[in-house]
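Colleague: Sequence unavailable; structure follows:
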DNA sequence: ACACATCTGGACCGATCGGTAGTAAAGTCG
DNA sequence: CGACTTTACTACCGATCGGTCCAGATGTGT
């Protein structure tokens, strides 16, 4: 699914487009959209501006691709969690995954979805909108999964799937901020434990 | 404590320094430190760059003063919550206050402390550090208050004040992100209800 | 060998960044 | 009325912003 597109004509690309995107993702993750300059990006990617523009379009499109890569990589715990057998396990897997990803020693602390573009600056509005949509979509998917849990009976009929989903999402966002504050995985896992105490039995 | 310093000599200032700071705070709140340019600021404040520099120093110092004003104004619910009689009431007042401030119709959605400078950009590092310190300090104060609650007996002896404080802070940060996502006060108050279900009895 | 298509590197673009200098204006003092 | 102090406004600073252009390099197909 990644670098399968072959270049037949013309001078071949001299850099690994996948690794370059990985580097760009890390920079956006750490510094946010507004805080990242083209120079930051090309330095990290090890290519020049022209190569970046030829390969990715522009800063905004590069950001979109970085977000997509983030969703399929570091944030893939989210979709994986949805496949857990019960709602309770979904919720726990979701939060544990958030802790793990936001505190990984090999990546920036925190969550790209949160610190990428929370604020609403002038030129960062498209990036902002991308992340808002994604965050909302993640909540919707969680809600749908919990609705299914009610149908399947592993959540009681008087449980509110939307409310539970929003609570889990809120906790995950809070974890992301705390991770950016420097809290470690053990402390954050305690927070997950506490949050799950309120889970309906 | 605010505009009590009187100018005796020289040309009097033609703008209200308090209101100018209020405007600057709102801009930083909405756009974050990196996303706010001097032009954004001076436009909102209705003054020129020179006046801004004469009155506030530079962008970074203006940000610090804006944060201070935010802490004493919109975020004053935090210190007010600490004065509630019981730990449970402290927690609830803290979270309800967060909901109210992050969803106020007269102010940007979300929390300046969170979207002001979550990411770690190059030139935004001082702003970032200011907010990290503040967020950590708020948690520490909450923890100290809960420790007192254990001493006073309104929290059981086996309750962990630090853990509870971190959980409440995490929920508050999550609420801030959700507010920036567009969730309203009613929805967020439901989240507070859910979070407080886990409160030790 | 040749045309062709693509990529690379660096010079360069206008606009904007945060910040400063110099001068005119507007007050309070004697 | 000056002398003095502070502010306001305009013009301007070098640096950097995101983005473009173009000549040269490097591959493919014939």
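Modeller: Cool, got the structure. Since we're looking at a predicted model, the values are computed, not measured.

Colleague: where do the helices sit along chain A?
Modeller: For chain A, the helices defined by DSSP state H occupy A:17-31, A:38-45, A:49-56, A:59-72, A:77-81, A:87-102, A:112-115, A:125-152, A:161-181, A:185-196.

Colleague: chain center to the second one: distance?
Modeller: By that I understand helix A:38-45. Between the centre of helix A:38-45 and the centre of its chain there are 21 Å (CA atoms, centre = their mean, to the nearest Å).

Colleague: Tell me the buried residues in it?
Modeller: A:40, A:41, A:42, A:44, A:45 (16 or more other CB atoms under 10 Å in any protein chain shown). Where you see a C-beta, it was placed from the backbone N, CA and C, and this is true even at glycine.

Colleague: Looking at the third one now. What's its pLDDT?
Modeller: On the pLDDT scale, residue A:42 is placed at 98.

Colleague: The buried residues of helix A:38-45 also near DNA strand D: which ones?
Modeller: Taking CB under 7 Å from any atom of the strand as the test, DNA strand D is in contact with residue A:40 out of the buried residues of helix A:38-45.

Colleague: ok, residue A:59 - contacts?
Modeller: By CB atoms under 8 Å, 6 or more residues apart in numbering or on different chains, the contact set of residue A:59 is A:38, A:41.

Colleague: how near is it to residue A:27?
Modeller: 11 Å (CB to CB, to the nearest Å).

Colleague: can you check residue A:48 too?
Modeller: Taken as CB to CB, the span from residue A:48 to residue A:27 is 16 Å.

Colleague: ditto for residue A:159
Modeller: Counting by CB to CB, the separation of residue A:159 from residue A:27 is 41 Å.

Colleague: thinking again about what came up before, which one of the helices of chain A is the most hemmed in?
Modeller: Ranked by mean neighbour count, the helices of chain A are led by helix A:112-115 with a mean of 29 (mean count of other CB atoms under 10 Å in any protein chain shown).

Colleague: what is the mean pLDDT for that one?
Modeller: Mean predicted lDDT for helix A:112-115 stands at 96.

Colleague: and what of stretch A:53-64?
Modeller: Stretch A:53-64 shows a mean pLDDT of 97.

Colleague: What is the end-to-end distance of that stretch?
Modeller: Start-to-end span of stretch A:53-64 (CA to CA, to the nearest Å) is 14 Å.

Colleague: quick revisit: tell me, what's touching residue A:59 and residue A:27 both at once?
Modeller: With CB under 8 Å, 6+ apart as the test, residue A:59 and residue A:27 both reach residue A:41.

Colleague: among the helices of chain A, which is nearest residue B:70?
Modeller: With CB to CB, the closest approach to residue B:70 among the helices of chain A belongs to helix A:161-181: 16.4 Å.

Colleague: If you count contacts, what does that closest one end up packed against?
Modeller: Packing partners of helix A:161-181 (3 or more CB pairs under 8 Å, 6 or more residues apart in numbering or on different chains; DSSP states H and E): helix A:87-102, helix A:112-115, helix A:125-152, helix A:185-196, helix B:125-152, helix B:161-181, helix B:185-196.

Colleague: That one versus helix B:161-181: what angle between them?
Modeller: Angle of helix A:161-181 versus helix B:161-181, following axes from the mean of the first three to the mean of the last three CA atoms, to 10 degrees, is 110 degrees.

Colleague: And helix A:161-181, how far out from the chain middle?
Modeller: 13 Å.

Colleague: Mind checking the pLDDT average for that helix?
Modeller: 98.

Colleague: if we can go back for a sec, in TSV: the buried residues of helix A:38-45, plus distance to chain B.
Modeller: Listed next are these as TSV, based on distance: CB to the nearest CB, whole Å:
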residue	distance to chain B
A:40	7
A:41	12
A:42	15
A:44	12
A:45	17
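
Colleague: Nearest to residue B:34 among the buried residues of helix A:38-45?
Modeller: residue A:40 (12.0 Å).

Colleague: Surely that closest one and residue A:26 touch.
Modeller: No: Residue A:40 is beyond contact range of residue A:26, at 10.6 Å (criterion: CB atoms under 8 Å).

Colleague: Model confidence score at the residue of chain A found nearest DNA strand C, please.
Modeller: Nearest to DNA strand C, among the residues of chain A, is residue A:10, at 1.9 Å (CB to the nearest atom of the strand). Looking at residue A:10, its pLDDT reads 89.

Colleague: Determine the number of other residues adjacent to it.
Modeller: Neighbour count of residue A:10, defined by other CB atoms under 10 Å in any protein chain shown: 6.

Colleague: Any figure for the gap between it and residue B:83?
Modeller: Taken as CB to CB, the span from residue A:10 to residue B:83 is 70 Å.

Colleague: and what of residue A:125?
Modeller: 40 Å.

Colleague: Residue A:12 now?
Modeller: The gap separating residue A:12 from residue B:83 is 68 Å, by CB to CB.

Colleague: Now residue A:155: phi and psi?
Modeller: When read as degrees, to the nearest 10, the backbone of residue A:155 gives phi -120, psi 140.

Colleague: Could you give the number of residues near it?
Modeller: Per other CB under 10 Å, the neighbour tally for residue A:155 reads 21.
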